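Colleague: Sequence below, structure please.
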Amino acid sequence: MIFSNNSLKGPLVSTISNFSSQLSKIALGTNQIHGTIPFGVENLVNLTYLDLDGNQLTDSIPSNIGRLYKMQELGLYGNKLSRGIPSSIA
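Modeller: Numbers count the residues shown, from 1 in each chain. Next up is the predicted model:
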């Protein structure tokens, strides 16, 4: 699923975790997505690539994202995230 550079606005809703567990790539970089990274994202068990660079995400990186064992690339640059990188993915 690639929607980078599309001026998408709004929060990253928790229903993202309801997408097919076969989904391997989500690219939502350089949009205007705000809010937090929703819990439940760990349900996307085949995710290898998650790009959320260049948005307006806040709060912290959820520790459950470390359950995505197939993750090869995680892009979070250019957001307003705090509290550092959780030990589950460090």
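
Colleague: So, low pLDDT: which residues of this protein?
Modeller: Within the chain, the stretches with pLDDT under 70 are 90.

Colleague: Show me the strands in it, by range?
Modeller: In the chain, the strands defined using DSSP state E lie at 9-11, 25-27, 32-35, 49-51, 56-59, 73-75, 80-81.

Colleague: Can you tell me which of those is packed in deepest?
Modeller: Counting by mean count of other C-beta atoms under 10 Å, strand 49-51 has the highest mean neighbour count of these, with a mean of 19. C-betas here are computed from N, CA, C, even on glycine.

Colleague: hmm, who's touching that strand?
Modeller: 4, 24-29, 41, 68, 71-75 (C-beta atoms under 8 Å, 6 or more residues apart in numbering).

Colleague: same thing but 7 Å
Modeller: With contact meaning C-beta atoms under 7 Å, 6 or more residues apart in numbering, strand 49-51 is reached by 4, 24, 25, 26, 27, 28, 29, 71, 72, 73, 74, 75.

Colleague: can you check stretch 34-42 too?
Modeller: Surrounding stretch 34-42, the residues in contact under the criterion C-beta under 7 Å, 6+ apart are 11-14, 16-17, 55-59, 61-62, 64-65, 67-68.

Colleague: cutoff 8 Å now
Modeller: 9-14, 16-18, 47, 50, 52, 55-62, 64-65, 67-68.

Colleague: If anything else comes up later, I'll come back, but that's it for now.
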